[in-house]
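[1] No sequence on hand, only this structure:
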């Protein structure tokens with residue numbers, strides 16, 4: 001799926017919440033809204049300038065590879081629901097199909113590639 005083209009078309013909207021302890025605010029984009037392939041991209045930045053300068057280049061580099069990253073996880077009975085970028089980590093958040101469960105595959109950036117670390121909470125992973 002062309003997540004990057006859809007993101008460029010939809011753009012980000014600020015969430016209605018307070019900044020975190022580092023002054024970052026949440027920004028969201030709902031891609032393929034209303035379809036069975038709907039995915040939310042959730043990122044954190046101090047302001048729109050940082051979003052464009054620091055976050056977008058990372059998304060531009062990683063979004064074309066999301067489907068391959070999902071495939072590399074193997075057979076999981078779940079659908080991708082969110083792509084999260086938080087404090088330099090990437091999370092692919094899934095909703096299970098058969099059981100009421102959700103989980104996040106957490107990745108870190110190393111030597112030009114995104115390495116799977118674990119299924120974990122991206123907001124508390126170190």
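    Sure thing, it's come through. None of these values were measured; they are calculated from a predicted model.
[2] So what pairs up with the residue nearest to residue 120 when sequence neighbours are not counted in the strands?
    Nearest residue to residue 120, sequence neighbours excluded (C-beta to C-beta, 6 or more residues apart in numbering): residue 106, at 4.8 Å. Glycine gets a C-beta too; all of them are placed from N, C-alpha and C. As for beta bridges, residue 106 partners with residue 91, residue 118 under DSSP bridges.
[3] quick one: contacts for residue 106?
    Residues near residue 106 by C-beta atoms under 8 Å, 6 or more residues apart in numbering: 89, 90, 91, 116, 117, 118, 119, 120, 122, 125.
[4] Whichever of the residues you listed end up buried, select them in ChimeraX.
    The ChimeraX selection below is limited to those of the contacts of residue 106 classed as buried (16 or more other C-beta atoms under 10 Å):
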select :89,90,91,117,122,125
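[5] roughly how far apart are residue 45 and residue 67?
    Separation of residue 45 from residue 67 (C-beta to C-beta, to the nearest Å): 25 Å.
[6] Compare those two (neighbour count), which wins?
    When residue 45 and residue 67 are compared for neighbours, residue 45 comes out ahead with 22 against 13, by other C-beta atoms under 10 Å.
[7] That one touches residue 59, doesn't it?
    No: in terms of C-beta atoms under 8 Å, residue 45 does not count as a neighbour of residue 59; the distance is 11.1 Å.
[8] what about the strands in this protein?
    13-14, 25-31, 39-45, 78-86, 89-96, 102-110, 113-119 (DSSP state E).
[9] any chance of the contacts of residue 106 in CSV, with distance to residue 73 and pLDDT too?
    Shown next, in CSV, are the contacts of residue 106 (distance: C-beta to C-beta, whole Å; pLDDT from 0 to 100):
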residue, distance to residue 73, pLDDT
89, 16, 94
90, 13, 96
91, 12, 97
116, 7, 95
117, 12, 94
118, 12, 94
119, 9, 94
120, 13, 94
122, 15, 93
125, 16, 56
